[in-house]
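**Q** 3D, please:
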Amino acid sequence: METKKILVLGDSDAGKRTALKHICNNLVETEAASYGKTTLNHKKLQIFSPSSAERFRFMKDILSKNMDGAIIIIDNTQGVTSSCEEMIDFVEEKGVPYLIFANKQDLNNSPLYTNYPDICILPTEAISGKGVVEGLNMLLQLMESEPVKIPTISY
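**A** Residues are numbered from 1 along each chain as shown. Sure, this is the predicted structure:
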């Protein structure tokens, strides 16, 4: 079975660890990063999420080595911050498929606007898990270069 490496990025308190708890088996959480495994669509997934704390900023570079795809989780109540734009630019430079989770839809379900018109943005609610697995499935489709249709998720 094929193994894929996925990096999950986001600002502090955007919902990264909460989302990972819905998709990873035996999530390992440390101060520097979170790590978990899961199997989805006959693919083994290794999912890494570096801490957004400034002192662990170097972990993003280490964990991004050989990644196959990425998810950027944005707190929809905060919108796209300058650090979110840096994360998007970072992943764009790596040349891997990625998408954005516009998280915390339970607190603000307004559309998320970015300066990146071709990014796939999926509304999510990490606290309940709504949209999280669907988003991971969409990323796998992007990684396989399959056409992606954004599902309608009702809240």
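
**Q** neighbours around C120, how many?
**A** Applying other C-beta atoms under 10 Å, we find 15 residues neighbouring C120. (Glycine included, C-beta is placed from N, CA and C.)

**Q** cool, and the one 10 residues further on?
**A** By the measure other C-beta under 10 Å, the count of residues near K130 is 19.

**Q** where does it land on pLDDT?
**A** pLDDT for K130: 96.

**Q** wouldn't it be in contact with K104 here?
**A** No. Look at K130 against K104 with C-beta atoms under 8 Å: they stay out of range, at 10.9 Å.

**Q** so which residues of the protein form helices?
**A** In the chain, the segments counted as helices under DSSP state H are 16-23, 58-63, 82-94, 132-143.

**Q** nearest to M1, out of the ones you listed?
**A** Checking these against M1 by C-beta to C-beta gives helix 132-143 as the closest, at 13.3 Å.

**Q** what residues of the closest one count as buried?
**A** Across helix 132-143, burial judged by 16 or more other C-beta atoms under 10 Å covers V132, E134, G135, L136, M138, L139, L140, Q141, L142, M143.

**Q** adding distance to Y35 as columns, could you present these in a markdown table?
**A** Below are those laid out as a markdown table (distance: C-beta to C-beta, whole Å):
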| residue | distance to Y35 |
| --- | --- |
| V132 | 17 |
| E134 | 22 |
| G135 | 19 |
| L136 | 15 |
| M138 | 22 |
| L139 | 17 |
| L140 | 19 |
| Q141 | 23 |
| L142 | 22 |
| M143 | 19 |
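
**Q** so which of those residues is the closest to R17?
**A** V132 (11.9 Å).

**Q** spit out the contact partners of the closest one.
**A** A19, H22, I23, F101, T124, A126 (C-beta atoms under 8 Å, 6 or more residues apart in numbering).
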